[in-house]
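*Asks:* need a structure here:
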Amino acid sequence: MNELIEKIVSFRDERNWKQFHNPKDLAISLNLEASELLELFQWKSSEEAISNSEQIQDELADILYYVLLMCSDLGIDPKQALFEKLNKNAKKYPIEKSFGSNRKYTEL
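*Replies:* Numbering: from 1, shown residues only. Alright, predicted model coming up:
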């Protein structure tokens with residue numbers, strides 16, 4: 001994970017783009033990249049959409065780029081953040097109540 005973050009930050013800093021990467025604009029960019037991923041699925045079945053795996057891979061990489069860059073800039077450890085969120089979700093969605101269910105935790 002640290003190697004990825006170092007490469008991303010280096011890529012950005014070599015281009016002097018940090019001046020454009022405030023938290024608000026990074027959040028917007030992250031959302032735009034997620035929307036580009038969603039666009040690949042628009043008006044298609046899942047099977048049709050996943051046939052274009054190279055574009056999906058590219059969009060997922062763009063999303064990950066912004067996630068890791070935001071984590072770096074905001075001093076968030078992405079691995080720790082993910083583990084903590086998984087723990088929170090495990091409490092929201094206990095297996096005995098959520099197994100095989102697509103209901104939101106408030107409806108379990």
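
*Asks:* if I look at the residue lying farthest from the centre of the chain, how far off is residue 108?
*Replies:* What lies farthest from the middle of the chain is residue 96; by Cα atoms, centre = their mean that is 27.9 Å. Between residue 96 and residue 108 the computed distance is 10 Å (Cβ to Cβ, to the nearest Å). For the C-beta atoms, the positions are set from N, CA and C on the backbone; glycine is no exception.

*Asks:* what do those two both touch?
*Replies:* Counting by Cβ atoms under 8 Å, 6 or more residues apart in numbering, residue 96 and residue 108 have no common neighbour.

*Asks:* just to revisit the earlier point, please tell me how far the residue farthest from the centre of the chain sits from residue 102.
*Replies:* In terms of Cβ to Cβ, residue 96 sits 16 Å off from residue 102.

*Asks:* Could I get the buried residue list for whatever helix or strand the residue farthest from the centre of the chain lives in?
*Replies:* Assigned by DSSP states H and E, residue 96 belongs to helix 95-98. Residues residue 98 are the ones in helix 95-98 that count as buried (16 or more other Cβ atoms under 10 Å).

*Asks:* for it, packing partners?
*Replies:* For helix 95-98, there is no helix or strand it packs on, judged by 3 or more Cβ pairs under 8 Å, 6 or more residues apart in numbering; DSSP states H and E.

*Asks:* chain center to it, what's the gap?
*Replies:* In terms of Cα atoms, centre = their mean, to the nearest Å, the centre of helix 95-98 is found 26 Å from the chain centre.
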